[in-house]
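Got a sequence here, can you model it:
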Amino acid sequence: MILAVSNSIPVIDVSPLAGRSPDRTATVDATAAAARDWGFFQVTGHGLSDDLIDRVWAQTRTFFDLPMDVKRTLARTRENPRGYYDRELTKNRRDLKEVFDFAALRHPELGEAHPDNRAAVDGTNRWPATLPHFRATMFEYLAACERLGLRLLGALCLGLGVDEDTLTPYFSPVHTGFTRLNYYPLDDPLEPAAAATVTPLGDMALHHHSDAGALTILLQDDVGGLQVGTDDGWVDVTPLDRALVVNVADMMQVWSNDRYRAALHRVRPTTDRPRYSIPFFFNPAYQTEVVPLVETGTEPPRYRAVNWGHFRQARADGDFADYGHEIQIADFRIV
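Next comes the predicted model:
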């Protein structure tokens, strides 16, 4: 059920989704309405403990406090986009941030270095050797987000009038989701000589965009700056202690045949203190062919099939460097 509205962004207690609560139907309806009307909402009752949230924040801040030369030993490449990066692009404009990306292992029992755990797009995880609890804490956080993501996918399926488990095979047991640690500093992390050789900074800490996958689950600190685009302009997503921000992403918009909206969002530059956030991007398996699950009224499907692996590869390339046109779901629109 909807608990409150924070600057008009719905805040939903999703704990009824985890069981047989009498409030489950109302929670499904509220979740679907938020995805339809906003594409953004905040959730409480999400199942992530205060202890886990505290530990993941502590490890995140400790990582970004490492010397720059240490962080850059973990620098990602076009071939392996996991690890640290300080020159990320969004819509071919450089963002004012540092990031660290890691992903779930497809086959944990085989170990991280096994070839079957290295996907064509998302490469191999890199970990800081000097932080002994970092890897375990991050995998614990990622697993908790996976569990929440599956519950939210089920609710959104029910909101479309299809079976709750319709999308589960595309995400379990294998998916291509990943977690990102974001650090938004006050100043450019690049030295002047390095900054002169790359795309200049734009006017936003993170430029406007929609996310590529199915859902994004975000833990943000209390600094603020995240905004969602609406027909009436940009609306602040005001930080709510211990809540998580959820937004619909491109593949869910296609699956829903535009019933749910992958809303544009951005982050304004911070002026008084750095900002941290931790998004989990819940993405389907690479071989997934994404097609509309439902017809909107009597209308035919609005999108042709999107191969997620190809789409993800193109979007990852565009994050790394400016290779021209950045792929969008509008490229697959039929009507």
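
what about the helices in the stretch 151-300 of the chain?
192-195, 250-255 (DSSP state H, counting those that start in this stretch).

what's next to the last one, contact-wise?
What it means is helix 250-255. Residues outside helix 250-255 that contact it (CB atoms under 8 Å, 6 or more residues apart in numbering) are 35, 156, 160, 167, 210-215, 260-262, 283-284, 288, 290-293, 303, 306, 308, 311, 328-329, 332. The way it works is simple: take the backbone N, C-alpha and C, and place the C-beta from them, glycine included.

So which of those residues belong to strands?
215, 290, 306 (DSSP state E).

Neighbour-wise, which one of the residues you listed leads?
Ranked by the number of neighbours (other CB atoms under 10 Å), those place residue 215 first, at 27 neighbours.

what's across from that one in the sheet?
residue 248, residue 282 (DSSP bridges).

quick one: contacts for it?
149, 152, 153, 246, 247, 248, 249, 252, 282.

mind checking how far it is from residue 201?
29 Å (CB to CB, to the nearest Å).

Restrict stretch 271-287 to CA atoms and write it as PDB.
Extracted C-alpha coordinates of stretch 271-287, given in PDB (Å, rounded to 0.1, in the frame of the first residue of the first chain):
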ATOM      1  CA  THR A 271      27.900  21.900  -4.300                       C
ATOM      2  CA  ASP A 272      28.600  21.300  -0.600                       C
ATOM      3  CA  ARG A 273      29.500  17.700   0.000                       C
ATOM      4  CA  PRO A 274      30.100  14.600  -2.100                       C
ATOM      5  CA  ARG A 275      27.200  12.200  -3.000                       C
ATOM      6  CA  TYR A 276      27.200   8.400  -2.900                       C
ATOM      7  CA  SER A 277      24.600   6.000  -4.400                       C
ATOM      8  CA  ILE A 278      24.500   2.300  -5.100                       C
ATOM      9  CA  PRO A 279      22.200   1.200  -8.000                       C
ATOM     10  CA  PHE A 280      21.600  -2.500  -8.700                       C
ATOM     11  CA  PHE A 281      20.600  -2.900 -12.400                       C
ATOM     12  CA  PHE A 282      18.400  -6.000 -12.700                       C
ATOM     13  CA  ASN A 283      18.900  -7.200 -16.300                       C
ATOM     14  CA  PRO A 284      17.800 -10.400 -18.000                       C
ATOM     15  CA  ALA A 285      19.900 -13.200 -19.400                       C
ATOM     16  CA  TYR A 286      21.800 -12.300 -22.500                       C
ATOM     17  CA  GLN A 287      19.900 -14.600 -24.900                       C
END
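
shift numbering so it begins at 526
Understood, numbering begins at 526; the last thing we discussed is stretch 796-812.

centre of the chain versus it, how much separation?
5 Å (CA atoms, centre = their mean, to the nearest Å).

Return the members of the contacts of helix 775-780 classed as buried.
560, 681, 685, 692, 735-740, 785-787, 808-809, 813, 815, 817-818, 828, 831, 833, 836, 853-854, 857 (16 or more other CB atoms under 10 Å).

for this structure, where's the lowest mean pLDDT among helices and strands?
Ranked by mean pLDDT, DSSP states H and E, the weakest helix or strand in the chain is strand 527-531, scoring a mean of 42.

List the contacts of stretch 536-544.
By CB under 8 Å, 6+ apart, stretch 536-544 touches 526-530, 546-549, 551-553, 555-556, 559, 566-572, 673, 676-677, 679-680, 765, 768.

Going by neighbour count, list what's buried in it.
So stretch 536-544, judged by 16+ other CB under 10 Å, has buried residues 536, 537, 538, 539, 540, 541, 542.

Could you double-check that residue 714 lies in contact with residue 623?
Yes. With contact defined as CB atoms under 8 Å, residue 714 reaches residue 623; the gap is 5.3 Å.

With neighbour numbers in mind, choose between these two.
residue 623 (22 against 18).

Reformat the buried residues of stretch 536-544 as JSON lines; add pLDDT and secondary structure.
Listed next are the buried residues of stretch 536-544 as JSON lines, based on pLDDT from 0 to 100; DSSP: H, G, I helix; E, B strand; the rest coil:
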{"residue": "536", "pLDDT": "97", "secondary structure": "strand"}
{"residue": "537", "pLDDT": "98", "secondary structure": "strand"}
{"residue": "538", "pLDDT": "97", "secondary structure": "strand"}
{"residue": "539", "pLDDT": "98", "secondary structure": "coil"}
{"residue": "540", "pLDDT": "97", "secondary structure": "helix"}
{"residue": "541", "pLDDT": "97", "secondary structure": "helix"}
{"residue": "542", "pLDDT": "96", "secondary structure": "helix"}
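
For residue 545, give me the pLDDT.
pLDDT recorded at residue 545 is 83.

And it, how far from residue 693?
Applying CB to CB to residue 545 and residue 693 gives a distance of 19 Å.

Would you mind telling me which of these two has more residues around it?
residue 693 (14 against 6).

For residue 674, which three-state class applies?
helix (DSSP: H, G, I helix; E, B strand; the rest coil).
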